[in-house]
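> missing the sequence, but the structure's below:
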């Protein structure tokens, strides 16, 4: 019933864009100035029932328009291939929801194809002197058309082409040769092109061009959920870690992370990301060797952050709560506070809580990005600092003593990033 009401309301708003924009603005800030206590009610309701948004539009997104099928990935993401017999038996893998089960998969570097190429290119053996040559030739003839070839003569032609490619490698020559599926957990699984992937590994190439020919129904479901969520909210504020979710972000690229990373001299420690959104910085810092903690108050963001974390096999801890409810026991080598603290300047109570939070926070370094004080959302705020005033405020109430301007205009919104240290 609730989803039907929301869906009807959404259709009306789509037909009245000016009214939709006015309601957004009213919801975003005006209503909280007029009736401050209403903010808590709205947030509590949204946190419990945000998922109803996903049922506003019952139609699935057209993934072919939103998600490209040809792109490049890190070669480390492609480690398994599907058993040939299973693929030949059921080329339309969408029908079989269990095609990505581990029992159907094999490691690429343990395959006969990889070992054959390794013996030839690294151990300098002639093709026909390798036992696997005859085994694969017989196998490919038996299976007729499998991967790139269909029998003995074509097998020889393939090996000759690999010799030429090895001597004069060009990624463009294999651009459409490697076909993959995306499993239920977002993992890339090789379906066709094992000889080319094996060659890329032997050449120590890092980037691999792929063509996605099938996506698991569970992965499609997740993609549709995310695309619906994005369509409703209109913006993605962080780069998305998974290559298949190749969506343009609203303002931010990975330039902010590069700016921060370049100024970090340590290689391990605890990182606290305040207002973690979808967890981009925790993914990135965990890759560097840090223990990461993500704090995010919005349940909808946490839902997708957890999904993306698990899909990528990351370990960082996610805390779905306000920073003012945190029990701070450990010291953080790095605290990330990008475009978040200004939300606590709008009300006296939040401002006071922010001061107490800064006093308790044990840290060695904070990377801080302030807001634009001219934004409408900051009109009639309890306090509205400019960039330097905001930095001085943090230093006054925290354990930090010095500020360094790292980048004056780090993203398209022209907001600076500061490094605050003891």
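Cool, the structure landed. Predicted, not measured: the structure shown is a model, and the values here were computed from it.

> run through the strands of the stretch 301-422 of the chain in chain order.
317-319, 334-338, 365-369, 402-407, 417-421 (DSSP state E, counting those that start in this stretch).

> what's in contact with the longest one?
Strand 402-407 is touched from outside by 259-260, 263, 367, 391, 395, 416-422, with contacts defined as C-beta atoms under 8 Å, 6 or more residues apart in numbering. In this view, the C-beta of every residue, glycine as well, is placed from N, C-alpha and C.

> let's see it at 6 Å
By C-beta atoms under 6 Å, 6 or more residues apart in numbering, the surrounding residues in contact with strand 402-407 are 259, 263, 391, 417-421.

> picking that back up, need the strands of the stretch 301-422 of the chain in CSV (columns: distance to residue 203, mean neighbour count and mean pLDDT).
Putting these into CSV (distance: least, C-beta to C-beta, whole Å; neighbours: other C-beta atoms under 10 Å; pLDDT from 0 to 100) gives the following:
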stretch, distance to residue 203, mean neighbour count, mean pLDDT
strand 317-319, 38, 16, 97
strand 334-338, 36, 23, 97
strand 365-369, 37, 24, 97
strand 402-407, 36, 14, 95
strand 417-421, 38, 20, 97
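
> want to throw the ones you listed into CSV with distance to residue 301?
Output for the strands of the stretch 301-422 of the chain, formatted as CSV (distance: least, C-beta to C-beta, whole Å):
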stretch, distance to residue 301
strand 317-319, 10
strand 334-338, 14
strand 365-369, 18
strand 402-407, 25
strand 417-421, 22
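
> okay, now residue 375: neighbour count?
Other residues within reach of residue 375 by the criterion other C-beta atoms under 10 Å amount to 13.

> equivalent analysis for residue 282, please.
As a burial measure, the neighbour count of residue 282 was computed by other C-beta under 10 Å and equals 29.

> which of the helices or strands spans it?
Under DSSP states H and E, the secondary-structure element containing residue 282 is helix 280-288.

> mind listing what's buried along that helix?
Neighbour counts over helix 280-288 (16 or more other C-beta atoms under 10 Å) mark 280-286 as buried.

> try stretch 295-307
By 16+ other C-beta under 10 Å, the buried positions in stretch 295-307 come out as 295-298, 300-305, 307.

> quickly list the domain ranges of this structure.
2-58, 65-220, 255-421 (automatic domain parsing).

> now do the same end-to-end measure for the last one.
By that I understand domain 255-421. The first and final residues of domain 255-421 sit 21 Å from each other (C-alpha to C-alpha, to the nearest Å).

> cool, and stretch 391-402?
9 Å.

> could you do stretch 320-327 as well?
Comparing the first residue of stretch 320-327 with its last one, the separation is 13 Å (C-alpha to C-alpha).

> residues of that stretch that come out buried?
For stretch 320-327, the neighbour count (16+ other C-beta under 10 Å) marks 320, 323, 326 as buried.

> let me know the pLDDT of residue 391.
The confidence metric pLDDT takes the value 97 at residue 391.

> number of residues surrounding it?
For residue 391, the tally of surrounding residues (other C-beta under 10 Å) stands at 21.

> who are the neighbours in contact with it?
Residue 391 makes contacts with 403, 418, as judged by C-beta under 6 Å, 6+ apart.

> could you redo the last one with a cut-off of 7 Å?
When the contact criterion is C-beta atoms under 7 Å, 6 or more residues apart in numbering, the partners of residue 391 are 368, 403, 418.

> could you do residue 172 as well?
No residues are in contact with residue 172 under the rule C-beta under 7 Å, 6+ apart.

> bridged to residue 272, which residues?
Taking DSSP bridges, one finds residue 293, residue 335 as the beta-bridge partners of residue 272.

> mind listing what it touches?
Listed by C-beta under 7 Å, 6+ apart, the contact set of residue 272 reads 293, 295, 332, 335-336.

> redo that, cut-off 10 Å
Applying C-beta atoms under 10 Å, 6 or more residues apart in numbering, we find residue 272 in contact with 282, 291-295, 317, 319, 323, 326, 328, 330-337, 361-363, 366.

> residue 417 too?
Residues in contact with residue 417 (C-beta under 10 Å, 6+ apart) are 255-256, 259-260, 263, 338, 367-370, 404-411.

> one more pass at 7 Å, please.
With contacts taken as C-beta under 7 Å, 6+ apart, residue 417 has the following neighbours: 256, 259-260, 367, 369, 406-407, 410.

> for residue 392, see how far away it is.
The spacing between residue 417 and residue 392, counted by C-beta to C-beta, to the nearest Å, is 16 Å.

> go on, residue 120?
Summarising the geometry, the distance separating residue 120 from residue 392, computed by C-beta to C-beta, is 66 Å.

> neighbour count: these two, which is higher?
When neighbours are counted by other C-beta under 10 Å, residue 120 and residue 392 differ, and residue 120 comes out ahead with 21 against 13.

> show me the contacts for the residue nearest to the more buried one when sequence neighbours are not counted.
The shortest distance from residue 120 to any residue that is not its chain neighbour, by C-beta to C-beta, 6 or more residues apart in numbering, is 5.9 Å, and that residue is residue 127. Residue 127 makes contact with 120, 133, 159, according to C-beta under 7 Å, 6+ apart.
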